[in-house]
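Participant: Quick one, fold the following:
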Amino acid sequence: MYSLAKAKKKNTIKEIRSQITAPQTLYATYISRKVSVYISSFLVKHTDVTANQVTFSSMIFGILSGVALFFQNYISAFIFFNLYYISDSVDGEVARFRKQTSVKGEYLDLVSHYVVTPVIIGGLFLGLYKYYNELSILFLCLSAVTTKMMIFASRESLEKLKIELKTKKTPLISSGIKCLYGLVFLNIVLVFSICISFVFGIEIQYLLYRYILFYGSTYPLIFIYDQVKTFKSIKTNA
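Facilitator: Numbering: from 1, shown residues only. Modelled structure (predicted):
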C-alpha cells in the first residue's frame, strides 16, 4: 500500500533534487548525487544534524582517505574517498533544504577542500615514496600539491576581484583538464588499479607510480598554459 510516509519521503527527495543548482560532474550526476539525496532526506527528517556537522564529517572522511593512501591501504582509501565525496554533496543539500546556508558554512566548506585535497594527493605520493624510496617522488608531490593550491588561489582571486572573462568557455582550468587532474579521476585510477592488480596480479604500486609520474610532471605545465589563456580572456574597460 502506498503510504503517506512513502509519499512524504519521495517529496523530500524530489525537493532536495530540485534545489541542486551547481554544475555537476558525471561522477556526481550518476553516482554521488544518486546516493546523497537519500542520505540528506534521512538526515532532515529523522535527525537534528546540521550542514556544518556534515561538512566536518566530510573533512574527516577525506583525511582518513589520505591516511589510508599513505599506508597503501587502497581499498580503505577508496571507501573513505567516496564517503568524503558523497558527504560533500550532503552538506549543501541539507543546508539548502533547512535554509541553513551561511557565510560560516561556505567558509567551512572551503577550508575542507583546502585541507582534504593536499592530504589525499600527499597521502598517495608519500605512500609511494615510502614504498620506492625515490627522491623524485617528493619533488612530484610538491609539484602536484603546490599546483593544486595555486588553482584554488587563482579561482578565489577571480571571485574576490570580481573579474569577468570574455567567454564562459574559458574557465580556470577547462572542464576536461579539471576532470583529468581532479580527485574524482584519482578515484577512478584507484579503482582501475585495484581491479587490474586483482585480475592480473600486477603490483598496484607499480600502476599508481606510473600515474603519479604523469600527474606530477604535467600538471604544472597545464596550469601555466591555462593561466595564460585565462589572463588573455579577462575583460577590460579599455
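Participant: could you pull out the helices for the chain?
Facilitator: Along the chain, counting by DSSP state H, helices occupy 4-18, 26-27, 33-46, 51-70, 74-98, 103-132, 135-160, 175-181, 183-200, 204-232.
Participant: Which of the ones you listed sits closest to Lys166?
Facilitator: When those are ranked by distance to Lys166, counting by Cβ to Cβ, first place goes to helix 204-232 at 8.5 Å. Just so you know, the C-beta spots here come from the backbone N, C-alpha and C atoms, and that holds for glycine as well.
Participant: thinking again about what came up before, want to throw the helices of the chain into TSV with distance to Lys166, mean pLDDT and mean neighbour count?
Facilitator: Formatted as TSV, the helices of the chain follow (distance: least, Cβ to Cβ, whole Å; pLDDT from 0 to 100; neighbours: other Cβ atoms under 10 Å):
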stretch	distance to Lys166	mean pLDDT	mean neighbour count
helix 4-18	33	60	13
helix 26-27	27	75	14
helix 33-46	31	87	18
helix 51-70	34	96	21
helix 74-98	30	92	21
helix 103-132	27	94	18
helix 135-160	13	91	15
helix 175-181	17	76	15
helix 183-200	28	93	16
helix 204-232	9	92	16
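Participant: Tell me which of those lies nearest to Thr167.
Facilitator: Comparison of those against Thr167 by Cβ to Cβ identifies helix 204-232 as nearest, at 10.6 Å.
Participant: now that closest one against helix 103-132, angle please.
Facilitator: Relative orientation of helix 204-232 with respect to helix 103-132: 130 degrees, computed using axes from the mean of the first three to the mean of the last three Cα atoms, to 10 degrees.
Participant: Cool, thanks, talk later.
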